[in-house]
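Q: Predicted model and sequence below, questions to follow.
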Protein chains: 2
Amino acid sequence: MDPDSVAKAFVEHYYTLFDANRGALVNLYQEGSMLTFEGQKIQGSQNIVAKLTSLPFQQCQHSITTVDCQPSGPAGGMLVFVSGNLQLAGEQHALKFSQMFHLMPTPQGSFYVFNDIFRLNYA
Amino acid sequence: MDPDSVAKAFVEHYYTLFDANRGALVNLYQEGSMLTFEGQKIQGSQNIVAKLTSLPFQQCQHSITTVDCQPSGPAGGMLVFVSGNLQLAGEQHALKFSQMFHLMPTPQGSFYVFNDIFRLNYA
């Protein structure tokens, strides 16, 4: 698969898990992984998933508008930049968001999330 | 300087140059640098600056809303994620944008832009 296809497949997998079973995202992070969520810095897969599962909404649906990707350097990492909409259950209007992931390869030939930065784009 | 201060200083420097003299941005990129601008992929400092200087507006003013940063790995790189507004001369409304930079250290103790992804956030 080319990098753009890998990036798109990752993004679809990530948000499908997020919307269906946020706790399962723990497998996509590792101990050194970092999340900056609306300016709050969190490190480590358990802490990151604790943050994501404690967000003040239960049901949500991400829809993706754009996915851009670039190789991040000789270590085989990949930068993935996403924009999209986040619809919360019971809310009339979707929220716009931007998010970037830095994916690093695993020995098994897959990727994990080393860096994750999320921001809502307020209108 | 701590990483957040470096990221903020870089971002201020970058957009000040962009708004005053776009051609001078050439010094912030290198031959391996990549830009994805609204989905269009461009590589190399000369090509990147040719793209930026050929955008269909002359005067513009960036204003920054948020700057987030994380270390990108053992090579000493830094990921910088920006959201803000872009006001074009003669336009009534500013455009919202998100942009990410992957800064890599130079031997001189400074940073250059290795990865750059830019997207407008359409309302």
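A: Arrived safely.
Q: got the contact list for residue A:87?
A: Neighbour list for residue A:87: A:60, A:61, A:62, A:63, A:94, A:95 [criterion: Cβ atoms under 8 Å, 6 or more residues apart in numbering or on different chains]. Quick note: C-beta positions are derived from backbone N, CA and C, even for glycine.
Q: Spell out which helix or strand contains it, please.
A: Element membership of residue A:87, judged by DSSP states H and E, is strand A:78-88.
Q: The following helix or strand past that strand - which strands sit beside it in the sheet, and in what orientation?
A: Next helix or strand after strand A:78-88 toward the C-terminus (DSSP H and E): strand A:95-105. The strands beside strand A:95-105 in its sheet (DSSP bridges) come out as strand A:78-88 (antiparallel), strand A:111-120 (antiparallel).
Q: Right, and chain B sits closest to which residue of chain A?
A: residue A:98 (3.9 Å; Cβ to the nearest Cβ).
Q: Run a quick neighbour tally on that residue.
A: 26 (other Cβ atoms under 10 Å in any protein chain shown).
Q: beta partners of it?
A: Listed beta-bridge partners, residue A:98: residue A:83, residue A:119 (assigned using DSSP bridges).
Q: quick revisit: let me have the strands paired with strand A:95-105 in CSV, adding distance to residue B:77 and mean pLDDT as columns.
A: Formatted as CSV, the strands paired with strand A:95-105 follow (distance: least, Cβ to Cβ, whole Å; pLDDT from 0 to 100):
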stretch, distance to residue B:77, mean pLDDT
strand A:78-88, 11, 97
strand A:111-120, 10, 97
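Q: a markdown table for those, including distance to residue B:39?
A: Putting those into a markdown table (distance: least, Cβ to Cβ, whole Å) gives the following:
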| stretch | distance to residue B:39 |
| --- | --- |
| strand A:78-88 | 11 |
| strand A:111-120 | 20 |
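Q: Nearest to residue B:76, out of these?
A: strand A:111-120 (14.2 Å; Cβ to Cβ).
Q: from the middle of its chain, how far away would the closest one be?
A: Counting by Cα atoms, centre = their mean, to the nearest Å, strand A:111-120 is centred 5 Å from the centre of its parent chain.
Q: Then stretch A:6-22?
A: 8 Å.
Q: try stretch A:115-123
A: How far stretch A:115-123 lies from its chain's middle: 10 Å, per Cα atoms, centre = their mean.
Q: what comes into contact with that stretch?
A: With Cβ under 8 Å, 6+ apart, stretch A:115-123 has contacts from A:29, A:33-38, A:48, A:83, A:86, A:95-102, B:66, B:68, B:70, B:72, B:79, B:81, B:83, B:96, B:98, B:100, B:121, B:123.
Q: what do you get for stretch A:27-38?
A: A:14, A:17, A:41-45, A:48-49, A:51-52, A:112-120, B:68-71, B:81.
Q: taking the mean pLDDT, what do you get for that stretch?
A: Averaged across stretch A:27-38, pLDDT comes to 98.
Q: What are the buried residues along that stretch?
A: The neighbour-count check on stretch A:27-38 (16 or more other Cβ atoms under 10 Å in any protein chain shown) flags A:28, A:29, A:33, A:34, A:35, A:36, A:37 as buried.
Q: can you check stretch A:46-65 too?
A: Here stretch A:46-65 shows A:48, A:49, A:52, A:60, A:62 as buried, counting by 16+ other Cβ under 10 Å.
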